[in-house]
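Asks: After the sequence you'll find the predicted model.
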Amino acid sequence: MSKALLVLLVLFLGWTLWKKRRRERQQGQTPQDAARAGSGSDAQAPGPINAEAMLPCACCGLHVPAGEALLDKGLAFCSADHLRRGRASRG
Ligand SMILES: [Zn+2]
């Protein structure tokens, strides 16, 4: 009798854990993880998010990823049009 209960308990625990893991994977992050990241003292917590440097466009101020920004004389621009405008405004 008690052995059957134990088996049922183990099966239930395994199923609960499996369900929890699957939900966490679907959501990507658990609320507990988010709270820990927010209250943690570490400025940069390791995570799956690929943090790329954002550069402000010298023309309109729009922040664009460093990889997509157009650079001219140390200034970043969001598009070729703004690069041209930035050049024109500086002569
Ligand atoms: Zn711009």
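Replies: That came through fine.
Asks: Flag every residue of the chain that's near the ion.
Replies: Within the chain, the positions adjacent to the ion are 57, 59-60, 62, 78, 82 by Cβ under 5 Å from the ion. (Glycine included, C-beta is placed from N, CA and C.)
Asks: If the spatially closest residue to Ser79 that is not a sequence neighbour is in a bridge, with which residues?
Replies: Sequence neighbours aside, Leu70 is the residue nearest to Ser79 in space, at 7.0 Å (criterion: Cβ to Cβ, 6 or more residues apart in numbering). Beta-bridge pairing for Leu70 (DSSP bridges): Phe77.
Asks: ok now do Leu70, which residues does it touch?
Replies: Neighbour list for Leu70: 76-80, 82-83 [criterion: Cβ atoms under 8 Å, 6 or more residues apart in numbering].
Asks: Show the buried residues in the residues you listed.
Replies: Buried members of those, counted by 16 or more other Cβ atoms under 10 Å: 76-79, 82-83.
Asks: which two from the contacts of Leu70 end up farthest apart in space?
Replies: Using Cβ to Cβ, the contacts of Leu70 span at most 12.7 Å, a distance reached by Ala76 and Ala80.
Asks: returning to what we had before: restricted to helices, list the residues of the chain next to the ion.
Replies: Among these, the subset assigned to helices under DSSP state H consists of His82.
Asks: Pick the one among the residues of the chain next to the ion closest to Leu13.
Replies: Ranked by distance to Leu13 (Cβ to Cβ), these are led by Leu62 at 51.1 Å.
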